[in-house]
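*Asks:* Sequence plus the predicted model coming up.
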Amino acid sequence: MDGLPQSLVSDSTTWFQRTLKAPIGCVGVGLHSGQRVSLNFRPAPVDHGIVFRRTDLGVDIPARFDHVVDTRLSTVLGLARSDARIGTVEHVMAALAGCGIDNVVVEVDGPETPILDGSSAPYVFLLDCAGSVEQDAPRSTIEVRRTVRVSDGDAFVELRPGNPGSAGLDMALSIDFAAVAIGRQALSLRLTPDSFRQELARARTFTLAEEIEQMRAAGLAQGGSLDNAVVVDQARVLNPAGLRMPDEFARHKLLDAVGDMALAGAPLHGRFIAHRSGHALNNRLLRALFADASAWREISAAPLAVAAA
Ligand SMILES: [Zn+2]
C-alpha cells in the first residue's frame, strides 16, 4: 500500500456498500408533533439506498434531496402523489452517513422520527448495537467537479471540488447568532466515521427561548423539552447541565449538514463550505448541484483508489 494517500488506505473499508447485520429500533416522541413514534432500522439489499417507510400508511419515501418537501424547521421528506410525510430526518440521516450505512429501510409509524436526546448519538448507538456488514458491490461516490453555491443574504453554502488524490468530504461551517450564548462559532473537519462520532454525533439541536412560544402557538415543538434540545435565552443556556461542548451549536449545525448532504443518495467527494446555512439552503445546494450535469459525476469508490495507486 506504499504510496497510497493515507485517506484512501484508511478508508479501504468504505469501498463497498454496507447494511445492518440485524434489525434494531427505538421508541420516542417527535419534536414537533409530540407524538410517540416507533422507529426500526431494517437491513436492505445492494443499491437499495436509504428509504423511509411510513408503516402506518404503507408508503415508502426515498431519502433523497428531490423528495424534500419542507425545510422550515427540519428536513421533511414526502411524495408528490400522496400526503405522506416524514419529518426531522436529518439526525437519522447524519447517523447513517456517519456510520457508513448505505442500504437500510427506516420504518416509522408516525409523521416524524423520534427526537430522542436531540442529537445523533442515540442513533449511532443503535446502529453500533445492530452492527454492519459489507455487501458484495462497490459504493458509488458523487464527485463534485465544479463549484456550486447558493445564498440567502449573507448566508451561503457551497460545494467545491475536492483536493486531488483524496476521497471524501471536507466540511467547514460558521454561524453567527445575536444570542450571546451562541455568538460566532466555526468548525472544520474531514468527515469520517471517527470524526463524525467524536466531533459531531453528540451535539444537540438548539432553539431560542423567545421562539418557543411562537412555535407552540403554531402547533410545533409540541415534543420539545430541555431533555431533547438546548434552549438559549440571550446569554444563558437554560439546560441545568449546560452544554456538552462549548461550540455545541456549530457542531449541531454541521451534524445537520451531514444529514442533509446524505440526501445526495451517495457520499459526496469534495469540499462543503457553509456560513449561517440551514436545511433550506442545504437542500437548494443539492438541487443546484444535480441540476448542472457538468458539476458532478458518479464514480465507483474502488476504481478511484486503484487510479490513485
Ligand atoms: Zn438538527
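*Replies:* The structure has been received and is ready for your questions.
*Asks:* Report the secondary structure element holding Val29.
*Replies:* Mapping Val29 onto the secondary structure by DSSP states H and E places it in strand 24-29.
*Asks:* Let me see the residues that make contact with that strand.
*Replies:* Contacts of strand 24-29 from elsewhere in the structure, counted by C-beta atoms under 8 Å, 6 or more residues apart in numbering, are 35-41, 107, 114-116, 122, 126-127, 129-130, 223, 228. C-beta: built from backbone N, CA, C; applies to glycine.
*Asks:* any idea how far the closest residue to His252 other than its chain neighbours is from Asp227?
*Replies:* The shortest distance from His252 to any non-neighbouring residue, by C-beta to C-beta, 6 or more residues apart in numbering, is to Ala203 (4.0 Å). For Ala203, the distance to Asp227 (C-beta to C-beta, to the nearest Å) stands at 15 Å.
*Asks:* between the two, who's got more neighbours?
*Replies:* Relative neighbour count places Ala203 above the other of Ala203 and Asp227, with 27 against 13, counting by other C-beta atoms under 10 Å.
*Asks:* Let me know the pLDDT of that one.
*Replies:* At Ala203, the pLDDT value in this model is 98.
*Asks:* Begin at 225 from now on, thanks
*Replies:* With 225 as the first residue, the last one maps to Ala427.
*Asks:* Next, the contact list for it, please.
*Replies:* With contacts taken as C-beta under 8 Å, 6+ apart, Ala427 has the following neighbours: 343, 468-469, 472-473, 475-476, 478-479.
*Asks:* can you check Val332 too?
*Replies:* If you count contacts by C-beta under 8 Å, 6+ apart, Val332 has them with 261-263, 276-279, 310.
*Asks:* for Glu472, same thing?
*Replies:* For Glu472, counting by C-beta under 8 Å, 6+ apart, the contacting residues are 427-428, 430, 454.
*Asks:* Between the residues you listed, which sits nearest Leu505?
*Replies:* Phe430 (17.9 Å; C-beta to C-beta).
*Asks:* picking up where we left off before, just the contacts of Glu472 now: which is nearest Phe496?
*Replies:* In terms of C-beta to C-beta, no member of these lies closer to Phe496 than Ala427, at 16.6 Å.
*Asks:* in the stretch 325-474 of the chain, which spans are helices?
*Replies:* Listed in chain order, the helices found in the stretch 325-474 of the chain under DSSP state H, counting those that start in this stretch are 345-354, 417-419, 433-441, 472-485.
*Asks:* any idea of the angle the longest one forms with helix 345-354?
*Replies:* In this case it means helix 472-485. 60 degrees (axes from the mean of the first three to the mean of the last three C-alpha atoms, to 10 degrees).
*Asks:* Could you do the third one as well?
*Replies:* What separates the directions of helix 433-441 and helix 345-354 is an angle of 70 degrees, with the same axes, to 10 degrees.
*Asks:* And helix 433-441, what's buried?
*Replies:* Burial within helix 433-441, assessed by neighbour count using 16 or more other C-beta atoms under 10 Å, is assigned to 436, 439.
*Asks:* which residue is nearest the centroid of the protein?
*Replies:* With distances taken as C-alpha atoms, centre = their mean, Gly483 lies nearest the centre of the chain, 0.8 Å away.
*Asks:* With only the CA atoms kept, save the next helix or strand after the strand holding Val253 in CSV.
*Replies:* Reading on from strand 248-253 to the C-terminus, the next helix or strand found by DSSP H and E is strand 260-267. These are the backbone C-alpha positions of strand 260-267, laid out as CSV (Å, rounded to 0.1, in the frame of the first residue of the first chain):
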residue,chain,number,x,y,z
ARG,A,260,-45.0,8.9,20.3
VAL,A,261,-43.3,7.1,17.4
SER,A,262,-41.5,3.8,16.8
LEU,A,263,-38.5,3.7,14.5
ASN,A,264,-37.0,0.5,13.2
PHE,A,265,-33.9,0.1,11.0
ARG,A,266,-34.0,-2.9,8.8
PRO,A,267,-31.2,-4.4,6.6
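*Asks:* elements contacting strand 260-267?
*Replies:* Under the contact criterion of 3 or more C-beta pairs under 8 Å, 6 or more residues apart in numbering; DSSP states H and E, strand 260-267 touches strand 240-244, strand 248-253, strand 328-332, helix 345-354.
*Asks:* Can you mark which positions in stretch 291-305 are buried?
*Replies:* Neighbour-count burial for stretch 291-305, counted by 16+ other C-beta under 10 Å, picks out 291-293, 295, 297-303.
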